[in-house]
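Undergrad: Quick one, structure for this:
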Amino acid sequence: LRQAGLLGNDALGPGRAFDIAIHRAPLTYVAGEETAALNSIEQKPAKPRKKPPFPGEAGLFGKPTTVNNVETLAHVAWIARHGAAAFAAIGTAQSKGTLLFTLGDEVRRPGVYELPFGATYRHLVDQHGGGLRSGGNVRAVLPAMSCGFLLAEHLDVPIAYETLAPLGSSPGCGGVRIVEGTTDVVALALEIATFFMKEQCGQCPPCRMETNQFVHILKGVQQRQGPGYAEKLQKLAEFNRKKGNCSLIEMAAAPVLSAVRVFAAEFAAAAGPQRAES
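TA: Predicted structure coming up:
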């Protein structure tokens with residue numbers, strides 16, 4: 001690009017500076033948070049900053065900074081070619097454009113698929129994913145690891161922020177997990193909780209406490225330690241809400257609380273009966 005005159009101090013003409021620098025960030029999950037990415041570029045630990053100020057006010061090296069992910073930048077390129085009206089015509093009234101969806105090995109054709117907002121999870125799984133590899137039926141979907149579960153009765157609900165919010169969920173980043181009839185939902189909730197426990201950066205005590213306690217409580221469910229788990233999880237989430245430097249504290253709570261609510265019978269059966277007082 002530099003040889004073609006498209007990058008550098010005189011890109012596309014004298015005095016029109018435009019350049020790109022590639023920075024290799026750590027592979028930790030939280031390093032993708034916008035202010036953690038800025039810290040990484042500044043050669044600091046890739047941990048989220050306390051906000052405000054937000055990057056638009058004081059970002060990279062204290063300067064106002066716009067932070068976007070690759071998917072957004074791809075949309076910007078498309079809009080530059082085709083116009084804002086063409087983009088706005090895609091999707092729903094409040095959720096414009098498309099979203100990338102990732103399907104795993106549960107389906108016959110795993111991969112990444114780009115669909116417009118307003119599509120359905122049934123269409124995504126059956127038409128693009130080829131249906132479940134097991135030949136069974138979808139019992140529920142988790143739109144992304146940080147969202148709430150949607151039951152099979154919601155498979156035909158248009159995928160949009162305004163339609164999924166009343167159901168306690170969101171399209172999220174499109175990393176879809178599928179719950180089949182044979183899925184151990186308690187183990188799935190523990191898997192997700194363990195991921196967030198390991199990936200939290202450790203700088204915010206409320207986040208450390210919540211993510212560690214979520215794992216501890218869910219392991220207690222697996223060990224048949226009886227009822228009380230739902231109240232403990234809810235109290236932990238409420239006590240720690242919005243107390244971290246980033247949204248991971250809410251992201252960790254959403255799927256666990258949703259799983260306990262949506263799959264209440266399975267959790268109750270796994271936890272076992274109330275223990276007698278000694």
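Undergrad: So which residues of the stretch 1-150 of the chain form helices?
TA: For the stretch 1-150 of the chain, applying DSSP state H, counting those that start in this stretch gives helices covering 34-41, 70-82, 84-88, 121-122.
Undergrad: Would you reformat the ones you listed as JSON lines and include distance to residue 171 and mean pLDDT?
TA: In short, each C-beta sits where N, CA and C put it, glycine included. Output for the helices of the stretch 1-150 of the chain, formatted as JSON lines (distance: least, C-beta to C-beta, whole Å; pLDDT from 0 to 100):
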{"stretch": "helix 34-41", "distance to residue 171": "19", "mean pLDDT": "97"}
{"stretch": "helix 70-82", "distance to residue 171": "12", "mean pLDDT": "94"}
{"stretch": "helix 84-88", "distance to residue 171": "17", "mean pLDDT": "95"}
{"stretch": "helix 121-122", "distance to residue 171": "10", "mean pLDDT": "98"}
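Undergrad: Can you check which of these gets nearest to residue 4?
TA: Closest to residue 4 of the helices of the stretch 1-150 of the chain, according to C-beta to C-beta: helix 70-82, at 17.4 Å.
Undergrad: tell me what the closest one is packed against?
TA: helix 84-88, strand 98-103 (3 or more C-beta pairs under 8 Å, 6 or more residues apart in numbering; DSSP states H and E).
Undergrad: For stretch 135-155, buried residues please.
TA: Counting neighbours by 16 or more other C-beta atoms under 10 Å, one finds that the buried residues in stretch 135-155 are 138-150, 154-155.
Undergrad: Looking at these, which is nearest residue 6?
TA: Set against residue 6, the nearest of the buried residues of stretch 135-155 by C-beta to C-beta is residue 144 (35.3 Å).
Undergrad: wait, doesn't the closest one sit right on residue 164?
TA: No: applying C-beta atoms under 8 Å as the test, residue 144 and residue 164 come out as separate, 10.7 Å apart.
Undergrad: Find the residues that touch each one of those two.
TA: Listed as contacting both residue 144 and residue 164 by C-beta atoms under 8 Å, 6 or more residues apart in numbering are 170-171.
Undergrad: Show me where this structure has its strands.
TA: Ranges of strands in the chain, per DSSP state E, are 98-103, 111-116, 138-142, 150-151, 177-180.
Undergrad: would you put the C-alpha positions of the third one in PDB?
TA: Once non-C-alpha atoms are left out, strand 138-142 reads as follows in PDB (Å, rounded to 0.1, in the frame of the first residue of the first chain):
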ATOM      1  CA  VAL A 138     -32.800 -27.700  19.100                       C
ATOM      2  CA  ARG A 139     -34.000 -27.200  22.700                       C
ATOM      3  CA  ALA A 140     -32.500 -23.800  23.200                       C
ATOM      4  CA  VAL A 141     -29.900 -21.400  21.900                       C
ATOM      5  CA  LEU A 142     -27.500 -19.100  23.600                       C
END
